[in-house]
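[1] Here is my input; please provide its structure:
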Amino acid sequence: MATTMRGLTQFIADIRGARVRELEEKRINKEMANIRKKFKDGNLDGYQKKKYVAKIIFTYILGYKVDVGHMEAVNLISSPKYSEKQIGYLAVTLLMHENSDFLRLVVNSIRKDLHGNNEIDNCLALHAIANVGGSEMAEALAEDVHRLLISPTSESFVKKKAALTLLRLYRKHPDVIPAAEWALRIISLMDDEDLGVVICVTTLVMALAQDNLDAYSVSYTKAVDRLNRLVIEHEYSATYAYYRVPSPWLQVKLLRLLQYYPPSEDPAIRSVLHQVLQTIMNNSAEISRNVQHNNAQHAVLFEAIGLAIHLDTNSPLVSTAAVLLARFISSRETNVRYLGLDTMAHLAARAESLEPVKKHQSTIILSLRDKDISVRRRALDLLYSMCDVDNSELIVGELLRYLRVADYALREEMVLKIAILTEKYATSYKWYVDTILQLISAAGDHVGEEVWYRVVQIVTNTEDLQEYAAKVVFEYLKAPTAHESLVKVGGYILGEYGHLIANEPGYSPLEQFHILHSKSQFCMAATRSLLLSTYIKWVNVFPEIKPQLVLIFERYRHVLDSELQQRACEFYALAQRPEEDELLQNVCEEMPPFPPRSSTLLSRLNKKQGDTEDKRTWIHGGKDANVDRELTRRKTLIQTNGSAASHTATGAASTQDVMGSLAGLDLGRTDGPSSSEQPNLAVGPNIDRWYEKLTSNSDGVLFEDVQVQIGIKSRYQGHIGQLAIYIGNKVPTPLTSFITAVHIDDPEALSVTFAKIPPNVIAPRTQTQQLLHVECKKAFSTPPILTVSFLAGSHQTTSIRLPIVLTKFLDHVKLGQADFFERWKLIGGAPRESQSIFPITLNSTGQLDLPKFRQAVTGHRFNLLDGVDPNPNNFVGAGVLHTSVEGKVGCLLRLEPNKEAKLCRLTVRSTSEDVAKEAQKLLQKSLQGGT
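    Down below sits the predicted model:
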């Protein structure tokens with residue numbers, strides 16, 4: 001740039017040569033005046049515009065205000081020359097903010113560059129959107145950025161920038177990005193060959209998945225598969241090996257992404273994950289002399305330990321992790337100690353038993369005195385999380401001792417945590433009062449209002465504690481100095497319960513008054529107001545010191561503070577009333593117990609800790625706190641969904657009466673939303689015919705189009721089944737980013753899992769097999785749905801029903817005529833009987849198509865009992881349904897076709913009402929469909 005624009009080079013040289021600021025300003029003002037004149041005269045070519053805008057940019061970078069050149073920068077963006085376009089984009093990103101009116105003028109130029117075939121222009125446009133992008137720009141260009149990201153013709157470096165640009169837009173304007181709609185297409189890029197693209201896309205998926213867990217659930221399998229390829233199979237280029245650690249940044253992101261989801265129930269995924277985590281921990285067993293290698297290895301290891309804790313705290317992996325963490329919290333390296341303490345806090349927050357953590361309690365307590373404040377903070381969090389009834393007195397005592405010398409930045413948080421632990425794990429009320437008053441005395445200004453409010457609530461509600469609390473607070477007030485929070489607690493407790501100790505030596509009413517009033521001169525108006533309320537209560541219970549108290553009221557009647565003055569006047573009038581008047585006694589009655597309420601200390605602590613962009617999946621405070629947090633989160637989610645449904649229903653029924661608008665609401669629903677929305681099924685006569693045929697056959701074609709063919713082969717025994725899915729690629733190009741997922745409507749009734757993680761590429765004109773393990777837990781009516789998506793030029797998604805129906809889990813039962821009719825009568829009629837009458841078609845000779853009926857009944861795994869029914873045209877069958885939860889369920893059927901009426905009566909009886917209905921529905925469909 002400097003070699004081609006001599007004017008710019010000279011301008012920069014003049015500025016640098018200015019010895020004082022006045023000369024610099026003079027030179028800049030002169031140049032700005034010249035630039036304004038040139039822009040006003042017009043007729044500038046691209047080179048001159050570029051030169052002058054570059055001078056403006058340099059002036060702006062120096063910190064001077066710039067109010068010229070915006071329009072010229074907009075014009076430069078439209079230039080076909082790279083050097084001019086670059087300066088234009090640089091000026092736009094530096095000189096314009098997201099609400100600038102000039103930005104509306106560049107949207108079309110940016111869109112044109114996004115659509116162009118020049119990758120450099122694409123990147124310049126993406127930079128501008130990411131750096132400036134306001135809401136209008138995001139709305140106008142988000143679709144174009146997404147198109148550039150998913151385009152198969154985009155270069156890798158363009159895809160990386162597009163993914164990060166979308167991430168930036170989503171963080172600033174999440175409502176503009178249709179995250180759920182784009183989910184599968186974005187997730188498919190996690191299979192990209194370039195690991196750089198995978199890292200950027202995974203970063204984007206992490207942000208989107210936190211707010212759209214269900215839509216991005218497929219990313220779980222993708223993350224496990226990629227980790228397996230990196231850690232176990234070593235599928236990566238040498239470029240992405242950082243000191244012999246395969247792409248540590250990607251590993252960390254994938255391990256963190258997996259922690260957003262509940263542990264998978266799929267045994268194939270669990271097995272691969274266990275192997276990956278075990279390998280990572282084994283690789284970290286030996287410490288290398290290379291610092292960079294250790295740093296990369298530790299980054300991956302700590303995230304792997306976090307995932308292992310998330311998956312199962314009782315697994316052998318977590319036991320191994322606990323041993324490693326014990327070594328790390330004693331490390332010489334500050335960063336390693338920090339991460340060790342933080343990860344051990346995660347273990348303490350999730351583990352059923354705290355024993356593995358308690359073994360290192362002394363080391364953790366020593367970490368409170370670490371030279372690094374971030375390590376001290378993590379040690380505090382860990383002590384807070386690992387505290388229980390057994391070690392509460394020791395930990396709280398250590399925290400109180402450390403509080404006196406702790407950093408000011410830590411003290412407020414420490415006070416909250418000490419107060420919470422003292423209340424939660426108090427072994428006796430006396431220990432609670434002693435500890436809290438010691439805390440208030442030691443912490444001083446760092447004690448929030450919530451702490452002493454909570455003390456007052458507990459003392460008021462605990463009658464056995466009131467006398468002891470009055471004595472202890474009186475002793476603390478005897479000290480030469482007492483913090484204002486302690487004076488507030490003392491004022492309230494002595495005002496309410498001072499009479500309980502007034503007859504004991506050293507606690508006379510006069511002594512209580514002198515001690516408390518001596519502290520009032522150093523207190524704020526709010527505290528003095530509270531002390532006046534204490535004095536009026538003493539007027540009622542301690543008449544012997546009434547003259548001194550009335551004198552106080554008289555003095556405060558003339559203060560400037562209106563609140564103090566009003567109280568003093570009212571209390572003075574009350575004190576002057578005759579002794580036989582009951583008004584004073586009624587006003588000064590003892591405070592009733594507070595209604596039960598949750599502690600505000602926890603909510604204050606949670607507000608203080610807050611949430612980062614990368615949300616934690618756990619909080620400090622032990623297992624109970626995390627369970628409560630999860631329950632609260634689910635309740636909030638239910639309320640949010642219920643609120644949304646309520647608004648929708650209200651809007652739809654706005655013209656109806658009030659009861660009509662309420663009719664559409666499911667007011668009785670208390671359960672949460674389903675795990676994911678049911679996919680949209682592929683439709684077509686062939687698809688339905690193939691599916692119906694496979695409900696009563698063990699193998700055949702399930703789906704076929706010009707690109708893929710899907711076939712099924714199955715076998716069932718008892719409540720267990722095995723389904724082999726054959727997916728064939730019919731085109732001469734590979735199917736990439738291949739994703740297969742199974743949606744189950746009722747996971748409590750049916751389990752369908754992959755035997756191993758499905759492949760993500762199907763080579764041209766080849767076939768791949770995927771094995772499904774099926775388990776029937778109880779009766780179900782909705783078949784699972786198989787969703788297949790892949791890239792073949794464009795992104796294709798197909799969802800089809802799997803022919804897994806209830807009758808697949810039937811086994812033959814042999815019964816004689818007498819046994820059959822005895823059981824038939826024993827089961828009885830409705831509701832355990834399901835019957836239907838439907839029309840049938842005769843065969844070409846005008847006779848009943850008995851072979852078809854026989855095939856339908858046996859295809860649904862009923863055992864045909866020949867010779868049981870006296871009518872040879874009738875069919876009688878029996879079977880037993882196997883389920884893992886509900887056990888065995890008997891099922892009997894009678895099929896009675898009538899040639900003259902061309903009708904058929906089907907009756908199914910079962911010991912389960914649901915089984916009878918479902919079996920009858922499936923049989924009727926097969927009989928009518930002609931399979």
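[2] Burial check on the closest residue in space to F328 that isn't next to it in sequence, number of neighbours?
    Of all residues beyond its chain neighbours, the one nearest F328 is G340 (3.2 Å), with distances taken as Cβ to Cβ, 6 or more residues apart in numbering. Every residue, glycine included, has its C-beta placed from N, CA and C. Around G340 there are 29 other residues, counting by other Cβ atoms under 10 Å.
[3] Output the lengthiest strand in the chain as CSV, restricted to C-alpha atoms.
    For the chain, the strand that runs over the most residues, judged by DSSP state E, is strand 887-898. Backbone C-alpha positions of strand 887-898 (Å, rounded to 0.1, in the frame of the first residue of the first chain) are rendered in CSV as follows:
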residue,chain,number,x,y,z
GLY,A,887,-44.0,-59.6,31.7
LYS,A,888,-46.0,-62.0,29.5
VAL,A,889,-49.4,-61.0,28.1
GLY,A,890,-51.8,-63.6,26.6
CYS,A,891,-53.6,-62.8,23.4
LEU,A,892,-56.3,-64.8,21.5
LEU,A,893,-58.1,-64.0,18.2
ARG,A,894,-61.1,-65.2,16.1
LEU,A,895,-61.5,-64.3,12.5
GLU,A,896,-64.9,-65.0,11.0
PRO,A,897,-65.2,-64.1,7.2
ASN,A,898,-68.7,-64.2,5.6
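[4] and that strand, which strands flank it?
    With DSSP bridges as the test, strand 887-898 is paired with strand 875-883 (antiparallel), strand 903-910 (antiparallel).
[5] Out of those, indicate the one that is most buried.
    strand 875-883 (a mean of 23; mean count of other Cβ atoms under 10 Å).
[6] just checking, what packs against whichever strand or helix holds F58?
    Here F58, judged by DSSP states H and E, is contained in helix 46-61. In terms of contacts (3 or more Cβ pairs under 8 Å, 6 or more residues apart in numbering; DSSP states H and E), helix 46-61 is packed against helix 6-17, helix 21-41, helix 70-77, helix 82-95.
[7] With distance to R823 and mean neighbour count added, can I get these in CSV?
    As requested, the helices and strands packed on helix 46-61 are arranged in CSV below (distance: least, Cβ to Cβ, whole Å; neighbours: other Cβ atoms under 10 Å):
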stretch, distance to R823, mean neighbour count
helix 6-17, 98, 13
helix 21-41, 98, 14
helix 70-77, 83, 21
helix 82-95, 81, 21
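[8] Indicate which one of these is closest to N586.
    For N586, the closest of the helices and strands packed on helix 46-61 is helix 82-95, at 72.2 Å, according to Cβ to Cβ.
[9] Show the low-confidence segments of the protein, by residue range.
    Within the chain, the segments meeting pLDDT under 70 span 1-4, 580, 597-600, 602-616, 621-678, 930-931.
[10] So which residue is dead centre in it?
    With distances taken as Cα atoms, centre = their mean, the residue of the chain nearest its centroid is Q210 (4.9 Å).
[11] in the helix or strand encompassing that residue, what's buried?
    When elements are defined using DSSP H and E, Q210 is found to belong to helix 195-211. The neighbour-count check on helix 195-211 (16 or more other Cβ atoms under 10 Å) flags 195-209 as buried.
[12] try stretch 332-348
    Going by neighbour count (16+ other Cβ under 10 Å), the buried part of stretch 332-348 is 336-348.
[13] can I get the residues you listed in TSV with secondary structure and distance to I186?
    Rendered in TSV, the data for those read as follows (DSSP: H, G, I helix; E, B strand; the rest coil; distance: Cβ to Cβ, whole Å):
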residue	secondary structure	distance to I186
V336	helix	35
R337	helix	38
Y338	helix	33
L339	helix	30
G340	helix	35
L341	helix	36
D342	helix	30
T343	helix	30
M344	helix	35
A345	helix	33
H346	helix	29
L347	helix	33
A348	helix	36
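[14] who's in contact with stretch 470-484?
    With Cβ atoms under 8 Å, 6 or more residues apart in numbering as the contact definition, stretch 470-484 has outside contacts at 433-434, 437, 440-441, 443-445, 447, 486-487, 489-490, 493-494, 497-498, 500-501, 507, 512, 515-516, 519, 522-524, 527.
[15] Kindly recompute the last result at 7 Å.
    Where contact means Cβ atoms under 7 Å, 6 or more residues apart in numbering, the residues beyond stretch 470-484 that reach it are 433-434, 437, 440-441, 444, 486, 489-490, 493-494, 497-498, 500-501, 507, 512, 515-516, 519, 523-524, 527.
[16] Against P178, how distant is the residue nearest to the centre of the chain?
    When distance is defined by Cβ to Cβ, to the nearest Å, Q210 is 16 Å away from P178.
[17] Then E496?
    On the measure of Cβ to Cβ, E496 and P178 end up 60 Å apart.
[18] Please say which of these two ends up with more neighbours.
    Counting neighbours by other Cβ under 10 Å for E496 and for P178 shows that E496 has the greater number, 21 against 13.
[19] and T153, how many neighbours?
    Other residues within reach of T153, judged by other Cβ under 10 Å, total 7.
[20] Also the one 10 residues further on?
    Counted with other Cβ under 10 Å, residues neighbouring A163 total 27.
[21] Which phi and psi values does it adopt?
    Torsion angles at A163 (phi, psi; degrees, to the nearest 10) stand at phi -60, psi -40.
[22] just checking, it touches L149?
    Yes - proximity of A163 to L149 meets the contact threshold set by Cβ atoms under 7 Å, at 5.7 Å.
[23] sec struct for D67, please.
    Taken by DSSP: H, G, I helix; E, B strand; the rest coil, the conformation at D67 corresponds to coil.
[24] Quick check: which helices or strands does the host helix or strand of A573 pack against?
    Of the helices and strands defined by DSSP H and E, A573 is found in helix 562-575. Helix 562-575 is packed against helix 525-541, helix 546-556, with contacts defined by 3 or more Cβ pairs under 7 Å, 6 or more residues apart in numbering; DSSP states H and E.
[25] got those as TSV, with distance to L76 columns?
    Supplementary listing: these in TSV, determined by distance: least, Cβ to Cβ, whole Å:
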stretch	distance to L76
helix 525-541	62
helix 546-556	74
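[26] Just say which of these is most tucked in.
    For those, the highest mean count by mean count of other Cβ under 10 Å goes to helix 525-541, at a mean of 20.
[27] and the angle from that helix to helix 546-556?
    150 degrees (axes from the mean of the first three to the mean of the last three Cα atoms, to 10 degrees).
[28] Please state the offset of helix 525-541 from the chain centre?
    In terms of Cα atoms, centre = their mean, to the nearest Å, the centre of helix 525-541 is found 49 Å from the chain centre.
[29] elements contacting it?
    In terms of contacts (3+ Cβ pairs under 7 Å, 6+ apart), helix 525-541 is packed against helix 484-497, helix 509-520, helix 546-556, helix 562-575, helix 583-587.
[30] Show me the contact partners of the last one.
    Which is helix 583-587. When contacts are defined by Cβ under 7 Å, 6+ apart, helix 583-587 is touched by residues V539, N540, L574, R577.
[31] As JSON lines, these with distance to D390 would be great.
    What follows is the contacts of helix 583-587, written out as JSON lines (distance: Cβ to Cβ, whole Å):
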{"residue": "V539", "distance to D390": "48"}
{"residue": "N540", "distance to D390": "45"}
{"residue": "L574", "distance to D390": "51"}
{"residue": "R577", "distance to D390": "56"}
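[32] And these, which is closest to S315?
    Of all those, N540 has the smallest distance to S315: 64.4 Å, by Cβ to Cβ.
[33] I figured the closest one hits C588, correct?
    Yes - taking Cβ under 7 Å as the contact criterion, N540 and C588 are neighbours in contact, 4.0 Å apart.
[34] from what I can see C588 touches K537, true?
    Yes - because the distance of 4.8 Å satisfies Cβ under 7 Å, C588 is recorded as touching K537.
[35] The residue nearest to L494 when sequence neighbours are not counted: what's it in contact with?
    Setting aside the residues directly before and after it, L494 is nearest to Q512 in space (Cβ to Cβ, 6+ apart), at 5.6 Å. Contacts were defined as Cβ under 7 Å, 6+ apart; by that measure Q512 touches F474, L494, G498.
[36] next one: S109
    Going by Cβ under 7 Å, 6+ apart, the list of residues near S109 reads I77, S78.
[37] Nothing else from me, thank you.
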